[in-house]
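*Asks:* Any chance you can model this:
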Amino acid sequence: MGAEQILIIEDDTEIQEMLKYAFTRDGWTLIQVTTGEEGLKALQAKRVDCVILDIMLPGMDGIKTLKKIREEKKFQRLPVILCTARGEEADVVAGLELGADDYVVKPYSPRVLAARIRAGLRRNELTALEGEDSSKTFWQHGKLIIDVEKHAAFLDDKPLDLFATEFAILACFMSHPDIVFSRQKLITAVRGGDYPVTDRSVDVQIMGLRKKLGEAGNMIETIRSVGYRFRTEIND
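*Replies:* Model (predicted):
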């Protein structure tokens, strides 16, 4: 990576300067604006590979800005990372439901945000490749393997005995690594006529899945008051 253009929509000038200094070594081109309206104009005028979006903005807030971004088909796969202050969990949930890819909580480390940006850029590249081969049904992360077509999952080459809903959740996670899923998103992903799912039953299924995965269960990270994320890197 190195030619990517990152749009930062943030009204705090100190944060803008901090990110400008911190991201110099990554080789990214930063497009920095202070309002949602300016951010939408920048999206139309320039190529943008990832958006860092503050929720609390003057004028159009981050949630409304995100909604405007996702309304346009050409921006539906654009990685968007929300920035929020502690205690704004309802806004985070709303943002994830509208299509945000991830979020960071203020005050945050620039290194953490940079890692989230790289993950978002990487996911976008993988999604584009998978779009060229929509028949992909096999994923592997470390010693964990899942083959959707054969409805088989393996850990350390040993078959996993998973219930249908557990299998569907694991397939959803492994095919979308590092993405934060609200419980509602997981419900939508695994819903089937034979498997009615509620928020509480998602938690129960996750608990059972983690137990069956043993140490690999640590790859399923709980995001407090939001949902879950399947982490490909479990050591920070």
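
*Asks:* quick one, what contacts residue 40?
*Replies:* 65, 68-69 (CB atoms under 8 Å, 6 or more residues apart in numbering). Placement of C-beta: from N, CA and C, glycine included.

*Asks:* Output the residues you listed as TSV; include the columns secondary structure, pLDDT and distance to residue 94.
*Replies:* Compiled in TSV, the contacts of residue 40 are given as follows (DSSP: H, G, I helix; E, B strand; the rest coil; pLDDT from 0 to 100; distance: CB to CB, whole Å):
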residue	secondary structure	pLDDT	distance to residue 94
65	helix	96	12
68	helix	95	14
69	helix	95	14
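
*Asks:* just checking, what packs against the helix or strand harbouring residue 207?
*Replies:* Using DSSP states H and E, residue 207 sits in helix 199-213. When contacts are defined as 3 or more CB pairs under 8 Å, 6 or more residues apart in numbering; DSSP states H and E, helix 199-213 packs onto helix 164-175, helix 183-190, strand 220-223.

*Asks:* Could you list every helix and strand in contact with the last one?
*Replies:* Applying 3+ CB pairs under 8 Å, 6+ apart, we find strand 220-223 packed against helix 199-213, strand 227-230.

*Asks:* how about the helices in this structure?
*Replies:* 13-22, 36-45, 62-71, 89-98, 110-132, 164-175, 183-190, 199-213 (DSSP state H).

*Asks:* if we can go back for a sec, show me which of the helices and strands packed on helix 199-213 has the highest average neighbour count.
*Replies:* helix 164-175 (a mean of 21; mean count of other CB atoms under 10 Å).
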